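>>> I would like the atomic coordinates for the input below:
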Amino acid sequence: MSTSTPQRPHYTAPSTFSQFLALHFTVLAFAGVTLFTQRQMWQTSAWFWYALGALAFDLIADRFSRIEVPSVRATIVVQIGLTIILLILLFLSDFFFLTAMLSFLIVSAVQSCLPRRQAYFAHALLMGVLWLTYILYTDFNASVQILLGLGAGFIFMIVFTQLATSEQQARRDLEKANALLAEYAAQVEQLATMRERNRLAREVHDTLGHYLTVINVQLEVVTKLIDANPVRAKEAAVKAKQLASEGLGEVRRSVSALRPSPLEDKPLPEAIRGLIETSRDAGLMVTFEQTGTARVLSSEMETVLYRAVQELLTNIRKHAHASAANVHLTYATDTVSLRVRDNGVGRKNDADSVGLSALRERAAALNGTVLAENHLEGGFVLEVIIPVERAA
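Reported below is the predicted structural model:
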């Protein structure tokens, strides 16, 4: 059974620019105040070596803070190096208390990079070294003051750094959870798509497949009886055509169920008024008229009429150079019709645009007609007429 070395947990996050700036400012502030206060240092070269040591302390701390996940060994080495520099700075500044406060930066770095028990041991060791140094080179009272003052500062830095580290860890956990949630959402969407494909496959097999099979049987009857029994062959052909129409209707209903309605479940007149309001906001004066009582139409018919208004109003705004247009929806006994006229320049040739050609195809699928021409009094007029018997 093979064993693998456990990886150390990720304790730190990449430092930000504000953290780097705070580090440099703290070292500069402590060192600057010390040099300004301890005037005896300027009588010798101690000020130069102190400034050089403070710069080395700042560079090492800055370099270490830029490591995203420092190892335990690197953290210990850096702590020892910074502690040695700190002791030298204390000697040069005649053990000035503000210089000793640079140890707070060591505490913060160690607390954020080592596991808690190891970090607490390192803090205690650092405090012991500083306390022993003050006992040996100053007096007992000064060492007690250092022990109490630095101890309180150590506790504050430990708590503050631990809270900051916990907040960073919680943020990383949240980012991982969001990424995992997005992955799950993609998997759910893929699964839903697969289920919908399977449902469509079953739908095609159960409906369209059934119609095609029966139509094929009827056509075989036609081929066999077309010479021997023309009457029976004709009946089979009529039956095949009827089945083909029913199958086409099933396909249209399936496609309509898959495709969201552009009317958003609104009545046709209300949906058309929404289009008109949009055109009015764009600067085109559009009026709407309705003749007859609105009735329930099939979704295919309403979509054709809605798209007709949408296409015409778009073309009027882009190409007609018109200032006004009129939309007239008529519910008759046997038909429903839509008439749109503008006061623009009309079209220069009789060729249909891509949108108008698509509109003719949609209307023809419902046994409807589309009339499009320049009006005698100017402008362009389009009329869509669809038989009502096609309504659902």
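>>> so where is the stretch 51-200 of the chain shaky, pLDDT-wise?
Applying pLDDT under 70 to the stretch 51-200 of the chain flags the ranges 200.
>>> helices of that one, start to end?
Along the stretch 51-200 of the chain, counting by DSSP state H, counting those that start in this stretch, helices occupy 72-92, 97-100, 103-113, 116-137, 140-203.
>>> deepest-packed of these, please.
Mean neighbours per residue, mean count of other CB atoms under 10 Å, is largest over these for helix 103-113, with a mean of 23. (Glycine included, C-beta is placed from N, CA and C.)
>>> got the helices of the stretch 51-200 of the chain as TSV, with distance to Ala240 columns?
As requested, these are arranged in TSV below (distance: least, CB to CB, whole Å):
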stretch	distance to Ala240
helix 72-92	83
helix 97-100	101
helix 103-113	80
helix 116-137	83
helix 140-203	22
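>>> which of those sits closest to Arg295?
Arg295 sits nearest to helix 140-203 of all these, at 29.3 Å, using CB to CB.
>>> roughly how far does the nearest residue to Tyr50 once chain neighbours are set aside sit from Leu52?
Spatial nearest neighbour of Tyr50, excluding adjacent residues (CB to CB, 6 or more residues apart in numbering): Leu92 at 4.4 Å. According to CB to CB, to the nearest Å, Leu92 and Leu52 sit 10 Å apart.
>>> if we can go back for a sec, nearest to Ala365, of the helices of the stretch 51-200 of the chain?
Using CB to CB, the helices of the stretch 51-200 of the chain put helix 140-203 closest to Ala365, at 20.4 Å.
>>> elements contacting that closest one?
Secondary-structure packing of helix 140-203 (3 or more CB pairs under 8 Å, 6 or more residues apart in numbering; DSSP states H and E): helix 97-100, helix 103-113, helix 116-137, helix 230-258.
>>> out of those, which is closest to Gly149?
helix 97-100 (6.8 Å).
>>> elements contacting that closest one?
Using 3+ CB pairs under 8 Å, 6+ apart, helix 97-100 is in contact with helix 17-37, helix 72-92, helix 140-203.
>>> reformat the ones you listed as TSV; add distance to Arg347.
Shown next, in TSV, are the helices and strands packed on helix 97-100 (distance: least, CB to CB, whole Å):
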stretch	distance to Arg347
helix 17-37	62
helix 72-92	78
helix 140-203	41
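>>> how is this structure partitioned into domains?
17-178, 198-258, 268-390 (automatic domain parsing).
>>> tell me the mean pLDDT for the last one?
With pLDDT averaged residue by residue, domain 268-390 scores 86.
>>> what's the closest of the helices and strands packed on helix 97-100 to Phe121?
Nearest of the helices and strands packed on helix 97-100 to Phe121, taken as CB to CB: helix 72-92 at 10.6 Å.
>>> can you give me how far that closest one is from the chain middle?
In terms of CA atoms, centre = their mean, to the nearest Å, the centre of helix 72-92 is set 47 Å apart from its chain centre.
>>> tell me what that helix is packed against?
helix 46-65, helix 97-100, helix 103-113, helix 116-137.
>>> which residues sit against the third one?
For helix 103-113, the external contacting residues (CB atoms under 8 Å, 6 or more residues apart in numbering) are 11-12, 23, 26-27, 61, 64-65, 70, 72, 75, 78-79, 82-83, 86, 119, 122-123, 126, 130, 150, 153-154, 157-158, 160-162, 164-165.
>>> in stretch 306-326, which residues are buried?
Residues 306-313, 315-317, 320, 322, 325-326 are the ones in stretch 306-326 that count as buried (16 or more other CB atoms under 10 Å).
>>> contact partners of stretch 118-129?
The contact list for stretch 118-129, computed with CB under 8 Å, 6+ apart, reads 72, 76, 79, 83, 87, 103, 106-107, 110-111, 113-114, 147, 150-151, 154, 158.
>>> redo that, cut-off 6 Å
Here stretch 118-129 makes contact (CB atoms under 6 Å, 6 or more residues apart in numbering) with Val107, Val110, Gln111, Phe154.
>>> may I ask which two of the residues you listed are separated the most?
The span of those, defined through CB to CB, is set by Val110 and Phe154 at 10.5 Å.
>>> mind checking how far the residue most central in space within the chain is from Glu175?
In the chain, the centroid-proximal residue (CA atoms, centre = their mean) is Ala182; its distance is 9.7 Å. Look at Ala182 and Glu175: by CB to CB, they are 11 Å apart.
>>> what's the answer for Met194, then?
Going from Met194 to Glu175 by CB to CB gives 29 Å.
>>> got it, and Val214?
Note on Val214: its distance to Glu175, by CB to CB, is 58 Å.
>>> and Ala54, by the same measure?
37 Å.
>>> likewise for Glu289?
On the measure of CB to CB, Glu289 and Glu175 end up 58 Å apart.
>>> so which bits of stretch 292-299 are buried?
Leu297, Ser298, Ser299.
>>> which of these lies closest to Ala240?
Nearest member of the buried residues of stretch 292-299 to Ala240, counting by CB to CB, is Ser298, at 24.2 Å.
>>> ok, back up a step: taking the buried residues of stretch 306-326 one by one, which sit in helices?
Tyr306, Arg307, Ala308, Val309, Gln310, Glu311, Leu312, Leu313, Asn315 (DSSP state H).
>>> let me see the contact set for the nearest residue to the third one once chain neighbours are set aside.
Nearest residue to Ala308 in three dimensions, chain neighbours excluded: Val384, at 4.9 Å (CB to CB, 6+ apart). Val384 sits next to Ala308, Leu338, Ala363, Val370 when contact means CB under 6 Å, 6+ apart.
>>> so what's the third one closest to, chain neighbours aside?
This means Ala363. Val370 (5.0 Å).
>>> would the one you found count as being in a strand?
Yes - according to DSSP: H, G, I helix; E, B strand; the rest coil, Val370 belongs to a strand.
>>> show me what contacts it?
For Val370, the contact set (CB under 6 Å, 6+ apart) comprises Leu359, Arg360, Ala363, Val384.
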